[in-house]
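1. missing the sequence, but the structure's below:
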């Protein structure tokens with residue numbers, strides 16, 4: 001665990017000193033805030049009622065969880081690139097001379113988790129004062145509620161699921177630009193919840209929305225979006241979905257560890273689906 005924390009610290013520092021990453025952290029909320037105010041500014045005035053239509057106090061828990069889930073998607077892509085870069089530059093052998101492959105993988109997952117949390121913290125440090133200024137401090141009563149913690153927990157489960165998946169996949173790719181169709185499809189899994197956006201909007205309690213809440217790779221995004229539209233939460237479905245997410249995350253961690261252990265030291269080509277399958281069951 002000590003080596004994993006060292007890797008996590010190194011990954012965190014590397015990204016936090018990256019100018020492009022820092023610019024994206026601060027520019028994302030700034031652009032969203034300016035874009036939100038743009039119609040009111042063009043019309044000649046913007047008041048509390050205008051801002052109130054933009055931010056519904058009851059949606060704050062979902063906005064927080066959605067922001068964390070967005071960070072999950074962004075950092076998931078970074079963790080894939082990090083594993084692939086170390087493989088391509090052939091530095092993995094040097095790193096693994098002083099630690100176990102599982103420690104390296106765990107360190108990356110922890111490091112990018114800290115990075116994502118820091119990113120969301122900065123976003124809210126920029127956005128929350130504006131929300132309080134326009135809607136008053138009473139808005140915080142809707143933020144620090146049990147529902148917020150449930151939604152955040154669901155978003156974090158999504159992170160660990162996709163982080164394990166992408167760090168394992170990154171170790172199988174010699175060059176991101178020449179990755180196979182299979183690897184490209186897996187990289188799109190974090191965005192697969194978008195398939196259920198329209199059904200959830202039409203009927204949050206419908207069969208399609210419910211199925212999307214149970215499928216592990218769509219559950220996090222679908223649940224956050226779905227629960228933001230419901231007044232009464234279906235707690236039995238939520239508990240079952242979280243249970244499936246936990247189990248799938250554990251399975252993916254185990255499988256990703258086996259893939260990472262072999263794939264990170266395989267140079268000269270991208271791993272085929274058959275090779276990946278063999279490593280998973282070795």
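-> Structure received. Keep in mind that this is a model prediction, so the values were computed, not measured. Numbering: from 1, shown residues only.
2. residues making contact with stretch 232-250?
-> The contact list for stretch 232-250 (Cβ atoms under 8 Å, 6 or more residues apart in numbering) reads 147, 150, 153-154, 157-158, 160-161, 164, 205, 210, 213-214, 216-217, 219-220, 223, 227. In this view, the C-beta of every residue, glycine as well, is placed from N, C-alpha and C.
3. Apply the buried test to those residues and list what passes.
-> Neighbour-count burial (16 or more other Cβ atoms under 10 Å) applied to those gives 147, 150, 154, 157-158, 160-161, 164, 210, 213, 216-217, 219-220, 223, 227.
4. Which two of those have the greatest separation?
-> 147 and 164 (26.8 Å; Cβ to Cβ).
5. Next, give phi and psi for residue 263.
-> For residue 263, the backbone dihedrals are phi -70, psi -30 (criterion: degrees, to the nearest 10).
6. what's the closest non-adjacent residue to it?
-> Counting by Cβ to Cβ, 6 or more residues apart in numbering, the nearest residue to residue 263 once its immediate chain neighbours are dropped is residue 171, at 3.7 Å.
7. Which one of the buried ones among the contacts of stretch 232-250 is nearest to residue 98?
-> Nearest to residue 98 among the buried ones among the contacts of stretch 232-250 is residue 164, at 22.8 Å by Cβ to Cβ.
8. so how far is stretch 122-141 from its chain's centroid?
-> 23 Å (Cα atoms, centre = their mean, to the nearest Å).
9. helices and strands around the one helix or strand residue 78 maps to, which ones?
-> Using DSSP states H and E, residue 78 sits in helix 60-88. Where contact means 3 or more Cβ pairs under 8 Å, 6 or more residues apart in numbering; DSSP states H and E, helix 60-88 is packed against helix 101-135, helix 146-170, helix 216-227.
10. Redo these as JSON lines? Include distance to residue 70 and mean pLDDT.
-> Converted to JSON lines, those look like this (distance: least, Cβ to Cβ, whole Å; pLDDT from 0 to 100):
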{"stretch": "helix 101-135", "distance to residue 70": "8", "mean pLDDT": "80"}
{"stretch": "helix 146-170", "distance to residue 70": "9", "mean pLDDT": "84"}
{"stretch": "helix 216-227", "distance to residue 70": "10", "mean pLDDT": "89"}
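11. Geometrically speaking, which residue is the centre of this structure?
-> Central residue of the chain (Cα atoms, centre = their mean): residue 72, 1.3 Å from the mean position.
12. Make sure that residue is actually in contact with residue 162.
-> Yes. Residue 72 lies in contact with residue 162 (Cβ atoms under 8 Å); the separation is 6.4 Å.
13. anything in contact with each of those two?
-> In contact with both residue 72 and residue 162: residue 190, using Cβ under 8 Å, 6+ apart.
14. ok, back up a step: format the helices and strands packed on helix 60-88 as CSV; extra columns: distance to residue 79.
-> Output for those, formatted as CSV (distance: least, Cβ to Cβ, whole Å):
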stretch, distance to residue 79
helix 101-135, 5
helix 146-170, 5
helix 216-227, 16
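15. Sketch out the low-pLDDT regions of the stretch 1-150 of the chain for me.
-> 20, 24, 26-58, 92, 134-136, 139 (pLDDT under 70).
16. Can you tell me how far the closest residue to residue 194 other than its chain neighbours is from residue 191?
-> Among residues not flanking residue 194 along the chain, residue 221 sits closest, at 7.4 Å (Cβ to Cβ, 6+ apart). The gap separating residue 221 from residue 191 is 8 Å, by Cβ to Cβ, to the nearest Å.
17. In terms of neighbours, single out the busier of these two.
-> Neighbour count, other Cβ atoms under 10 Å: between residue 221 and residue 191, residue 221 has more, with 29 against 13.
18. List the contacts of that one.
-> Residues in contact with residue 221 (Cβ under 8 Å, 6+ apart) are 69, 158, 193-194, 196.
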